[in-house]
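Colleague: Predicted model and sequence follow; I will ask about them next.
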Amino acid sequence: MTEHQDVSLDWMSGDQDELRPPTDLRPEVPHPARMYDYYLGGKDNFPADREAAEKVLSLSPLVRISALANRSFLQRAVRRLAAEYGIRQFLDIGTGIPTAGNTHEIAQQVIPDAKVAYLDNDPIVLVHSRALLAGAGVGNASVVQADLRDPKAILDNPEVRKVIDLGEPVALLLFAVLHFIDDADDPWGIVRTLVDALPSGSFLAISHGTGDFSTPEAAAKGPAIYKSATAQLSMRPKAEVLRFFDGLELLEPGLVTAPTWHPDQPPADTDATTGIWAGVARKP
């Protein structure tokens, strides 16, 4: 294995059933989670992922900036929800390959017994996440295999219900995942089903890729590159992203580019045109 192919896990350590290497990684096919890991500077990716990611970066170098901005937005949103609104439960769907500053780490800095359920349908994500939690000895977090396209199964999943009490406010986190749900699968209906199951005082936090600031070439060719990957890419304009918050109360400053949502550092020249819409809303 090369340095970049090292998936950073000792498959033979820990619980064998939890940490055994998955058999369906399909390293020859680009995968969005591994491409995203590459954008973030990680090494949990394969040559096919890096090749596809470099094609995207050649069209829009700001993709890497967007990925980093998305990660930072997640951390700021989780911290604010825990610190200012007292949210103790987080349902993080489409979590991606773990990296520094995961949801449970941020939330538990504020509320030590905060609970987090991570859900993803990618086998390598599941193995990495379970190894991370096992190594850290985290007791109030779990990792569940689930597909966002089946929200009812998520809500009924016994592993989710062990961690998340749907009778108490929950923060539903959908970061950089909805743009992998095609219009034909009705992503707005999926979000509505999940939000409808949450009690008043819950929150919805979303980040979503957009072509609003892309060149025509990047807007056309970027999604085409993902067609060779394991998931399609549906970049959406601001108006379509706003629809996910229908019936909810958007927190200030509303739906904005990810770096401009309550930034904790001076603005950069690219902040206003970073291709990630970001928002957090409260269920009344």
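Modeller: Done, it's in. Numbers count the residues shown, from 1 in each chain.
Colleague: For the rest of this, base every contact and every neighbour count on C-alpha atoms.
Modeller: Will do.
Colleague: Tell me how many other residues crowd L174.
Modeller: Using other Cα atoms under 10 Å, L174 is surrounded by 20 other residues.
Colleague: Ignore what I typed, I meant P27.
Modeller: Around P27 sit 14 other residues, with neighbours defined as other Cα under 10 Å.
Colleague: Wait, it touches R50, no?
Modeller: No: P27 is beyond contact range of R50, at 10.9 Å (criterion: Cα atoms under 8 Å).
Colleague: Not counting sequence-adjacent ones, nearest residue to the residue positioned nearest the centre of the chain?
Modeller: By Cα atoms, centre = their mean, the chain has its centre lying nearest to F175, at 3.5 Å. Sequence neighbours aside, S207 is the residue nearest to F175 in space, at 4.7 Å (criterion: Cα to Cα, 6 or more residues apart in numbering).
Colleague: W277 now?
Modeller: Using Cα to Cα, 6+ apart and skipping residues adjacent in sequence, the residue nearest W277 is T257, 4.6 Å away.
Colleague: contacting residues around that neighbour?
Modeller: Counting by Cα atoms under 8 Å, 6 or more residues apart in numbering, T257 touches D271, A272, T273, T274, G275, I276, W277, A278.
Colleague: Whichever of those end up buried, select them in PyMOL.
Modeller: Here is the PyMOL command that picks out the buried ones among these, judged by 16 or more other Cα atoms under 10 Å:
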select buried, resi 271+273+274+275+276+277+278
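Colleague: taking the contacts of T257 one by one, which sit in strands?
Modeller: In strands, defined here by DSSP state E, the members of the contacts of T257 are I276, W277, A278.
Colleague: ok, back up a step: what's the pLDDT at the residue nearest to W277?
Modeller: pLDDT for T257: 97.
Colleague: Ramachandran coordinates for it?
Modeller: phi -70, psi 150 (degrees, to the nearest 10).
Colleague: and after the helix or strand of the chain with the lowest mean pLDDT, which helix or strand comes next?
Modeller: Least confident helix or strand of the chain, by mean pLDDT, DSSP states H and E, is helix 16-19 with a mean of 41. Heading C-terminal from helix 16-19, the first helix or strand you meet, by DSSP states H and E, is helix 32-39.
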